[in-house]
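Peer 1: Sequence unavailable; structure follows:
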């Protein structure tokens, strides 16, 4: 690194040696540093560019890490990481054995709370503030930075509601840029939009109504104003909120103008900002697009079909239906619990609600799944995107628990299609009058079938299929798209091995499974979910109940949190890559 202000800063204590007049220069250097690394290594760009000045101001004004700083979600934490001892490691961001793309307590004392899912910062910071008070640390500062999309979530309001009746020494900074990953939605967004820099509502201030001292709005890119305001807020006790207005993608023209794409743009030219085009070859579709285009096709023929997503219209591809049928497709914001119960309410009135949601985020609505949907046996269709290992986002985002947490819920049908065509057929089948809720899980990324838009056919619920069946003492039973790894593995093995695909994890194809157990001496189950309580556990349980004593080996995600890396690298670590499956089969006696 050439001789710059940033080159001399490893930790915030170095930052505080600068004069305030030098900080705008540092901001430009830090912004360029982020752009240059993310351009080639990829990651979350826009959110981090939007908080460059804020990050500098916070670490300059407050005595971190003694003063506790919590970043909500963590998409915006790259500048924070660079200024807190990880500048030289930043090129390893989101890579195997590298630093995490999100704040992580085990990585740095400056990462006071591990995040990745939204709207946790206020509750966590309040907990820290109460702990400090109980320990007599009355001078310690506690700061939460949360976006306008995240603060609209129910959990954020729960934290605000509690904090407002305490005397906790905490500061919430509302980073208002009118966008999360997709544009913010809802009444609170409309309320915040009315507030401009320099204007403070005289009445009807929702924050002050919750007993917070409200400051702002101020320009979140104006360093002198930020510094003066934060310095003043250090002396004010009790719960307070500073409202700042920022621009996501600030400092990179394309990122400012196309904020959805440049949230995580992939590789781009650091000088021009232009995306680096991918090779012009015909590719199989992303599974999210198979969902998005298929639900639109089905909705055009069936007026009862409704689409719902909690803040992921682009990521889930519900955006295609939202664009053509805005009255029947809803982005409800970061509100997973609401999304699930909203769908349940619609189902009671004879509608056919598709609730599309990432596997890792459906965890946040588990009570609603059980109490509001399954207990009432309402035929809500859950389209669970990003199931399985998702790669660089790491432990907070892997969708590896859904089979285990869904399989134990009465009335729930759980399905994992092997490919794009089977996903399409499952979506169609789910509209044909199911009597139970159904969860359809599918992975992040692309499939393998180019011509997937074939006429849809009904699938028989609870039916397994044979992918390879010959005279053999060894059988592999898999569910979902992990079958592709198995197919690759078996192509280079001389040993005869049979392969069976169970699209339906629940209900199991009992008759078919009995045939498989009777025919083979060794069974290997393979899934891209956790082994404990997963698909393999279900097979073992079935075998025990039916008095089979066959050798059953379960492959899947081990009983530990899996961190970041490419999906291929992580599958190798977990023993479910084609290579590792081949080794397991080869070593069977």
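Peer 2: Arrived safely, thanks for sending. Predicted, not measured: the structure shown is a model, and the values here were computed from it. Numbering: from 1, shown residues only.
Peer 1: Could you pull out the buried residues of the top helix by length along the chain?
Peer 2: Identified as the longest helix of the chain according to DSSP state H is helix 23-41. Residues of helix 23-41 classed as buried by neighbour count (16 or more other Cβ atoms under 10 Å): 23, 26-27, 29-35, 37-39, 41. Every residue, glycine included, has its C-beta placed from N, CA and C.
Peer 1: Name the nearest of the residues you listed relative to residue 376.
Peer 2: Of all the buried residues of helix 23-41, residue 376 sits closest to residue 38, with 45.8 Å by Cβ to Cβ.
Peer 1: show me the contacts for the closest one.
Peer 2: 44-45, 48, 78 (Cβ atoms under 8 Å, 6 or more residues apart in numbering).
Peer 1: Could you identify the most distant pair in those?
Peer 2: Between any two of those (Cβ to Cβ), the greatest distance is 8.4 Å, for 45 and 78.
Peer 1: which residues do these two both contact?
Peer 2: 34, 38.
Peer 1: need the helices for the stretch 151-300 of the chain, in chain order.
Peer 2: Under the criterion DSSP state H, counting those that start in this stretch, helices of the stretch 151-300 of the chain are mapped to 154-163, 187-193, 206-209, 223-233, 253-257, 287-301.
Peer 1: Is it possible to get TSV of those that adds mean pLDDT and mean neighbour count?
Peer 2: Below are these laid out as TSV (pLDDT from 0 to 100; neighbours: other Cβ atoms under 10 Å):
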stretch	mean pLDDT	mean neighbour count
helix 154-163	95	19
helix 187-193	78	15
helix 206-209	88	15
helix 223-233	97	17
helix 253-257	91	16
helix 287-301	98	21
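Peer 1: Spatially central residue in this structure, please.
Peer 2: Central residue of the chain (Cα atoms, centre = their mean): residue 397, 4.6 Å from the mean position.
Peer 1: where does the protein have low pLDDT?
Peer 2: When residues are selected by pLDDT under 70, those of the chain lie in 1, 195-202, 204, 280, 589.
Peer 1: farthest residue from the center of the chain?
Peer 2: What lies farthest from the middle of the chain is residue 471; by Cα atoms, centre = their mean that is 43.4 Å.
Peer 1: mind checking the SS state of that residue?
Peer 2: Under DSSP: H, G, I helix; E, B strand; the rest coil, the three-state class of residue 471 is coil.
Peer 1: Return the distance of it relative to residue 548.
Peer 2: 20 Å (Cβ to Cβ, to the nearest Å).
Peer 1: Residue 68 too?
Peer 2: 55 Å.
Peer 1: May I see the buried residues of stretch 10-25?
Peer 2: Neighbour-count burial for stretch 10-25 [16+ other Cβ under 10 Å]: 10-12, 15, 18, 23.
Peer 1: next one: stretch 62-70
Peer 2: Here stretch 62-70 shows 62, 64-65, 67-70 as buried, counting by 16+ other Cβ under 10 Å.
Peer 1: Kindly report the same for stretch 484-491.
Peer 2: Judged by neighbour count (16+ other Cβ under 10 Å), stretch 484-491 contains these buried residues: 485-487, 489-490.
Peer 1: for the strand ranked longest in the chain, packing partners?
Peer 2: Secondary structure of the chain read by DSSP state E shows that its longest strand is strand 522-530. Here strand 522-530 touches helix 402-407, strand 474-478, helix 535-545, strand 551-557, helix 578-586, going by 3 or more Cβ pairs under 8 Å, 6 or more residues apart in numbering; DSSP states H and E.
Peer 1: so which of those comes closest to residue 110?
Peer 2: The nearest among those, by Cβ to Cβ, is strand 551-557 at 29.8 Å.
Peer 1: Past the closest one, which element shows up next along the chain?
Peer 2: Counting by DSSP states H and E, the next helix or strand C-terminal to strand 551-557 is helix 567-574.
Peer 1: name the helices or strands packed onto that following helix?
Peer 2: helix 578-586.
Peer 1: The helix it packs on vs helix 567-574, what angle?
Peer 2: 30 degrees (axes from the mean of the first three to the mean of the last three Cα atoms, to 10 degrees).
Peer 1: Now do the buried residues in helix 578-586.
Peer 2: 578-582, 584-585.
Peer 1: okay but residue 110 is in contact with residue 77, surely?
Peer 2: No: contact between residue 110 and residue 77 fails when scored by Cβ atoms under 8 Å: they sit 9.8 Å apart.
Peer 1: now the strands for the stretch 351-500 of the chain?
Peer 2: 352-358, 381-385, 413-415, 438-441, 465-468, 474-478, 498-501 (DSSP state E, counting those that start in this stretch).
Peer 1: circling back to that earlier point, let's see which of the buried residues of stretch 62-70 end up in strands.
Peer 2: 68-70.
Peer 1: Distance to residue 181 for those - can I get that in CSV?
Peer 2: Shown next, in CSV, are these (distance: Cβ to Cβ, whole Å):
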residue, distance to residue 181
68, 26
69, 23
70, 20
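Peer 1: Since that was my last question, I'll sign off now.
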